[in-house]
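J.: just the structure for this:
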Amino acid sequence: MRKYKDFCIVLVKSFSSREACCEAEIEHIADAKVKGLKVYNHTSGGEVGFRVEMVDKESWRAKLVAARKGRTPALGMKHTEENKKLFSEFGKKRWDIYGRYPKDVTQYSFPEAKKLYGISKTHYYRLKRAELNELS
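T.: Reported below is the predicted structural model:
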C-alpha cells in the first residue's frame, strides 16, 4: 500500500461476528480471483495479520535489504541536549524494568556474555557500571 499509494479504504459491509466477516472475506477473494482481478492477499483470507511463513523468507529479506540500501534516515538529525537526556533516561529505565539479562551477566567478560546472552556492548557496560556504583 505504501508503494502504490492508490488505495482507498471503503466500508462495504459490517458484520455481527468475526467468523461471518472471515467467511465473507474468503468468498470475496475467491470471487475476485475467478473474475481475474488483481488480488494482493498472500492467503485465501479469513485470517488476521500478515503470516511471514506464507512468503519465501530469503527473497523477502533480500528485497527488504535492497530497499534499505543506501538509506541514511538519521543523517543530519539533530537532538537537543534535553532530548538526549530524556532518551538516555528512558533507555536505562527500560532495561531496569524488563530485566532482560540475568544479574550474573557481568561476571563474564563481554565476549563471553555476548556469546551466552546476545547482549550489546552498550548494555553490558551499562550493567557493569551500575554494579560498580552499587558496590561503592
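J.: use CA for all of it now, contacts and neighbours both
T.: Fine.
J.: for the lowest-mean-pLDDT helix or strand in the chain, packing partners?
T.: In the chain, no helix or strand scores lower on mean pLDDT, DSSP states H and E than helix 81-98, which sits at a mean of 78. Packed against helix 81-98, as judged by 3 or more C-alpha pairs under 8 Å, 6 or more residues apart in numbering; DSSP states H and E, are no other helices or strands.
J.: what comes into contact with that helix?
T.: Helix 81-98 is contacted by no other residue when judged by C-alpha atoms under 8 Å, 6 or more residues apart in numbering.
J.: ok, then the element right after it?
T.: Next helix or strand after helix 81-98 toward the C-terminus (DSSP states H and E): helix 110-117.
J.: which of the helices or strands spans the closest residue in space to residue 46 that isn't next to it in sequence?
T.: For residue 46, ignoring the flanking residues on the chain, the nearest one in space by C-alpha to C-alpha, 6 or more residues apart in numbering is residue 22 at 3.9 Å. For residue 22, the enclosing helix or strand under DSSP H and E is helix 18-34.
J.: tell me which helix or strand comes right after that helix.
T.: Counting by DSSP H and E, the next helix or strand C-terminal to helix 18-34 is helix 57-68.
J.: average pLDDT for that following helix?
T.: Throughout helix 57-68, pLDDT has a mean value of 85.
J.: and stretch 34-53, by the same measure?
T.: 74.
J.: against residue 38, how distant is residue 72?
T.: Residue 72 sits 34 Å away from residue 38, going by C-alpha to C-alpha, to the nearest Å.
J.: please apply the same query to residue 27.
T.: 15 Å.
J.: looking at the two, which one has more neighbours?
T.: Higher neighbour count among residue 27 and residue 38: residue 27, with 15 against 9, using other C-alpha atoms under 10 Å.
J.: pretty sure residue 105 contacts residue 111?
T.: No: counting by C-alpha atoms under 8 Å, residue 105 sits too far from residue 111 to count as a contact (11.0 Å).
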